[in-house]
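Chemist: I would like to see how this sequence folds:
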Amino acid sequence: MRGTPPDPKAMKKVGLLISVFMGVTMSFFLSLLGNFLGSLQGGQFTIPGFLISFAISTVISLVIGFIVPMKRVGDAAVRSAKLRPHSIQARLLESLISDCIYTPVITLAMVAYAYFQSRAHAPAEALEHMPGFFQMFIGSFIACMIAGYILIFIFMPLYMKLSMRICGIQPPPAGGPPAGGPPSGH
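Modeler: Residues are numbered from 1 along each chain as shown. Got it, this is the predicted structure:
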C-alpha cells in the first residue's frame with residue numbers, strides 16, 4: 001500500500017532549509033580552513049578576518065542554494081547514472097556535484113577577500129614577498145574541495161532528515177525511496 005506523496009510546497013521548504021543549513025555549515029568550515037591556510041602562508045588568523053570571511057561566504061552560499069535546485073540536480077544525476085537513490089554511490093555523486101557547485105565560488109570569494117585585504121594592509125617592502133593570487137587560490141581551492149566534499153557527504157543526509165522532520169515529512173529510510181513514493185521496482 002502506498003502512502004500519499006509529500007506536499008510539493010513542503011518539499012520546497014525542505015530544500016530551502018537544507019540550503020540554509022548546508023550554506024552556513026560550508027561557510028563556517030571553509031572560512032575556518034581558509035583562514036588557517038592563510039595563516040600558514042604568512043598571514044595571521046584573526047577573529048575579525050574569520051567573521052568577515054564567514055559572512056561573505058554565507059551570503060554567497062545562500063544565494064547559490066536559493067538559485068540552484070540542488071535536490072533536483074542531484075536527483076537527475078543519480079537517475080542519469082542509474083544509481084539507487086539514497087545509496088552510498090548516489091550520495092557520493094550528489095556530494096561531488098554539490099561540492100563542484102558551491103566550493104569553487106566560495107573559495108574564490110574568500111581568497112579574493114584575503115588577497116586584497118593583505119595587499120591593502122601590507123607594508124610596501126612586504127608586497128614583493130607575498131604570494132600571487134593564483135598561488136593563494138590553487139592551494140586553498142584544492143584543500144577546500146576536499147574538505148567541502150567530506151562536509152557535504154557527512155552533513156547533507158543529516159540536514160535532509162532534520163529538514164524533513166521540521167516540515168512534518170517522514171524521512172526516507174536509508175537506501176529506500178522517499179516516504180509516500182512508489183515501492184522500488186514499480
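
Chemist: SS state for the closest residue to residue 96 other than its chain neighbours?
Modeler: Nearest non-adjacent residue to residue 96, counting by C-beta to C-beta, 6 or more residues apart in numbering: residue 149, 6.6 Å away. In this view, the C-beta of every residue, glycine as well, is placed from N, C-alpha and C. Taking DSSP: H, G, I helix; E, B strand; the rest coil as the rule, one finds residue 149 in the helix state.

Chemist: Now do the same contact list for residue 149.
Modeler: Contacts for residue 149 (C-beta atoms under 8 Å, 6 or more residues apart in numbering) come out as 95, 96, 99, 103.

Chemist: redo that, cut-off 10 Å
Modeler: When contacts are counted by C-beta atoms under 10 Å, 6 or more residues apart in numbering, residue 149 touches 92, 95, 96, 98, 99, 100, 103.

Chemist: What about the last one? Give its phi and psi, please.
Modeler: Pointing back at residue 103 there. Per-residue torsions, residue 103: phi -60, psi -40 (degrees, to the nearest 10).

Chemist: check contacts around the residue nearest to it when sequence neighbours are not counted.
Modeler: Closest residue to residue 103 in three dimensions, ignoring its sequence neighbours and counting by C-beta to C-beta, 6+ apart: residue 148, at 3.9 Å. Going by C-beta under 10 Å, 6+ apart, residue 148 touches 26, 29-30, 33, 95-96, 98-104, 106-107.

Chemist: Could you turn the buried ones of these into a PyMOL selection?
Modeler: Selecting only the buried entries of the contacts of residue 148 in PyMOL, with 16 or more other C-beta atoms under 10 Å as the criterion:
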select buried, resi 26+29+30+33+95+96+98+99+101+102+103+106+107
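
Chemist: chain center to the helix or strand of the chain with the lowest mean pLDDT, what's the gap?
Modeler: One helix or strand of the chain scores below all others by mean pLDDT, DSSP states H and E: helix 124-127, with a mean of 76. Distance, stretch centre to chain centre, for helix 124-127: 35 Å (C-alpha atoms, centre = their mean, to the nearest Å).

Chemist: And residue 88, how close does it get to residue 107?
Modeler: Using C-beta to C-beta, to the nearest Å, residue 88 is found at 26 Å from residue 107.

Chemist: in the host helix or strand of residue 23, what counts as buried?
Modeler: Element membership for residue 23, per DSSP states H and E: helix 8-40. For helix 8-40, the neighbour count (16+ other C-beta under 10 Å) marks 11, 13-15, 17-31, 33-35, 37-38 as buried.

Chemist: tell me what that helix is packed against?
Modeler: helix 47-67, helix 70-80, helix 88-121, helix 133-166 (3 or more C-beta pairs under 10 Å, 6 or more residues apart in numbering; DSSP states H and E).
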